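# Sharing a sequence plus its predicted fold:
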Amino acid sequence: MSLLDVAGLQLAYGQSQVLFGLDLAVAEGEVATLLGRNGMGKSSTLRAVCGLSPAPAGILGGAIRFAGADIAGWTPDRIARAGIALVPEGRQIFPNLSVRENLVAFAANRRKVAEPWTLERVFTLFPRLAERQQNMGNQLSGGEQQMLAIGRALLTNPRLLILDEATEGLAPLVREEIWQCLARLREAGQTTLVVDKYVERLIQLADRHTIIERGRVVWRGTSNELDADHGIWHRYLGV
């Protein structure tokens, strides 16, 4: 059984339908991706999973199951407590809180994980945050803010970590730091769902990929299968 299982998801914003029977599954311990050009429904899917779809239209049909529970219609805070953590596009850190305050604001080990993420462990993963832990959020570079957003999500000790465009707009060296971080999380067994545009890096990182076009799944497969058919890249990803 998948940890996350999205089946036949239909989603609308007002009168405009954006997802049409979308299926997506993420197994415990794997890294999966959701790929597609801009505006094809990737962020809408993530928002639906995290309970952030707008009312009253929102989810029109389908199911979203997490750890066996039907979470469609749950509030975002209930979904977060169940073990899903989103690193949103744009980071959305608290600019008027320090790095340390941002990190501990939602820290929890509700599932009693034997080796939980702690402040010290996040500082080991991102030494730059340790150096700047007294700085305000608005005093950080874009790359440091992204590290902070990931560290904040990890401190909730999620069963599923979701990253929406985590490397977007970052300098190449900082982007490489984020990729190395994600590789270490994979080695640690963190279940992760990633939306990003760097297909070459995602092939190295992820187990399985789902590509969507205009709110529908058009391809799914393994990294080996995606690497072997660059025609898929050009057809659906504009690479």
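Sure thing, it's come through. Residues are numbered from 1 along each chain as shown.
# what are the C-alpha coordinates of the longest helix seen in the chain, in CSV please?
Assignment by DSSP state H gives helix 172-187 as the longest helix of the chain. Output in CSV follows, covering the C-alpha atoms of helix 172-187 (Å, rounded to 0.1, in the frame of the first residue of the first chain):
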residue,chain,number,x,y,z
PRO,A,172,24.0,27.2,-9.1
LEU,A,173,26.3,26.6,-6.0
VAL,A,174,23.4,27.0,-3.6
ARG,A,175,21.2,24.9,-5.8
GLU,A,176,23.8,22.1,-5.6
GLU,A,177,23.7,22.3,-1.8
ILE,A,178,20.0,21.7,-1.9
TRP,A,179,20.4,18.7,-4.2
GLN,A,180,23.0,17.3,-1.9
CYS,A,181,20.6,17.8,1.0
LEU,A,182,17.9,15.9,-0.8
ALA,A,183,20.2,13.1,-1.6
ARG,A,184,21.1,12.8,2.1
LEU,A,185,17.4,12.8,3.0
ARG,A,186,16.9,10.0,0.5
GLU,A,187,19.7,8.0,2.1
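# what element comes up after that helix heading to the C-terminus?
Next in sequence after helix 172-187, counting helices and strands by DSSP states H and E, comes strand 191-195.
# what helices or strands is that following strand leaning on?
If you count contacts as 3 or more C-beta pairs under 8 Å, 6 or more residues apart in numbering; DSSP states H and E, strand 191-195 packs onto strand 31-35, helix 42-49, strand 160-164, helix 172-187. All C-beta atoms are positioned from the backbone trio N, CA, C, and that covers glycine.
# Need the contact partners of the first one.
I take that to be strand 31-35. Strand 31-35 has contacts (C-beta atoms under 8 Å, 6 or more residues apart in numbering) with 24-26, 42, 45-46, 182, 186, 191-196, 199, 202, 205-212, 236-237.
# count of residues packed around Arg110?
Residues lying near Arg110 (other C-beta atoms under 10 Å) number 12.
# name the element it belongs to?
Arg110 belongs to no helix or strand, assigned by DSSP H and E.
# For it, list the residues it contacts.
Taking C-beta under 8 Å, 6+ apart, we find Arg110 in contact with Arg81, Gly83, Asn157.
# residues contacting Leu170?
Leu170 touches Gly142, Gly143, Gln146, Ile178, counting by C-beta under 8 Å, 6+ apart.
# residue contacts, the residue lying closest to Val174 once chain neighbours are set aside?
Nearest non-adjacent residue to Val174, counting by C-beta to C-beta, 6 or more residues apart in numbering: Gly143, 3.3 Å away. Going by C-beta under 8 Å, 6+ apart, Gly143 touches Leu170, Ala171, Val174, Arg175, Glu177, Ile178.
# same thing but 7 Å
Leu170, Ala171, Val174 (C-beta atoms under 7 Å, 6 or more residues apart in numbering).
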